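Undergrad: fold the stuff below for me.
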Amino acid sequence: MSGSNLNHTQEINSGMRFAFGDNWSHFLRHLDESHINKAEESISKMLGSTTLKGKSFLDIGSGSGLSSLVARRMGAKVYSFDYDPQSVACTKELRQRYYPDDEDWLVEEGSVLNKEYIKSLGQFDIVYSWGVLHHSGNMWDALNNVILPVKAGGLLFISIYNDQGRASRYWKIIKTFYNRLPENLRFLILWPAFIRLWGPTFVRDIIRLKPFKHWRSYSSVRGMSPWYDVIDWVGGLPFEVAKPEEIFNFYHMQKFQLLKLITCAGGIGCNEFVFQNIK
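TA: Purely as a prediction, here's the structure:
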């Protein structure tokens, strides 16, 4: 894995990749039981079950490790990997914090673009990759590779950035500038983007005499933090997008049946999909 470490470091230093793991490490300092409970509610809702007992769960691009933690708490045997070494460290930290020395939760470094590596993992009841594949550097190869570890009858739960056309192209330019700036100057892009993303919501809440209502309730969405999600969005390179119908058609051709879809209503964010392998 040392080769991928080197590539990862080079990509960050050249401004081609955002340091997702560094952002997640800051998020973990604020992680509490309410975040975990909200994330569990979100996963349970999408999978249609409050338990994963007896199931195997592959978390592709584990990030902070929160989703892996939730899957383990729901009873699944979990396998987590990420391309970002610091994200791997975050996931290992959560494992150590909540499930030390647990043989039913394995964590390692790996790339979703490494087809042979993905094949070597075996088959899983649930393959999960939330907000990851569009950051891989080759989204369509990644979308194809995540098919490999899904058991016959198993589920594939993914989320992919929505294609907004021209707006998505503008955001890619902003993300590129952000990652090429020295860290001490990135606020020049981050704060205007923050105002653009949250300003209208703040104004609406004030008009309705409920200031910061949506900011305070944001953890209800997958248990995440609004501030660190803004940083993730503004910095998130590589960056690719797809329309919901493109994802549907791609997996339909691979004999995957769509069980559940939640879109972001044409706006910024991810469309969520749960498919079943019906081969």
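Undergrad: just the strands in the protein please.
TA: For the chain, strands defined by DSSP state E occupy the ranges 56-60, 77-82, 105-109, 124-130, 150-161, 256-262, 270-277.
Undergrad: low-scoring stretches of this structure, by residue?
TA: Applying pLDDT under 70 to the chain picks out residues 1-6, 219-224.
Undergrad: ok, back up a step: distance to Gly15 for the strands of the chain - can I get that in TSV?
TA: The C-beta positions use only the backbone N, C-alpha and C, and glycine is treated the same way. Formatted as TSV, the strands of the chain follow (distance: least, Cβ to Cβ, whole Å):
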stretch	distance to Gly15
strand 56-60	25
strand 77-82	20
strand 105-109	22
strand 124-130	25
strand 150-161	20
strand 256-262	33
strand 270-277	24
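Undergrad: got the contact list for the residue nearest the centre of the chain?
TA: Geometric centre of the chain, nearest residue: Gly131, 3.1 Å, by Cα atoms, centre = their mean. Contact analysis of Gly131 by Cβ atoms under 8 Å, 6 or more residues apart in numbering lists Gly61, Gly63, Ser159, Tyr161, Cys270.
Undergrad: quickly check those residues for the two that are furthest apart.
TA: Within those, Gly63 and Tyr161 form the most distant pair, 15.0 Å apart (Cβ to Cβ).
Undergrad: which one's more surrounded, those two?
TA: Higher neighbour count among Gly63 and Tyr161: Gly63, with 26 against 23, using other Cβ atoms under 10 Å.
Undergrad: run through the residues that contact the more buried one.
TA: Phe20, Gly21, Trp24, Asp82, Asp84, Ser87, Cys90, Thr91, Gly131, Val132.
Undergrad: could I have the PyMOL command that selects the buried members from the residues you listed?
TA: In PyMOL, this line selects whichever of these come out buried by 16 or more other Cβ atoms under 10 Å:
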select buried, resi 20+21+24+82+84+87+90+91+131+132
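Undergrad: would you list the contacts of Gly63 in a markdown table and tack on distance to Trp140?
TA: Shown next, in a markdown table, are the contacts of Gly63 (distance: Cβ to Cβ, whole Å):
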| residue | distance to Trp140 |
| --- | --- |
| Phe20 | 20 |
| Gly21 | 24 |
| Trp24 | 25 |
| Asp82 | 20 |
| Asp84 | 21 |
| Ser87 | 22 |
| Cys90 | 27 |
| Thr91 | 26 |
| Gly131 | 16 |
| Val132 | 14 |
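Undergrad: what's the closest of the contacts of Gly63 to Arg166?
TA: Gly131 (22.0 Å).
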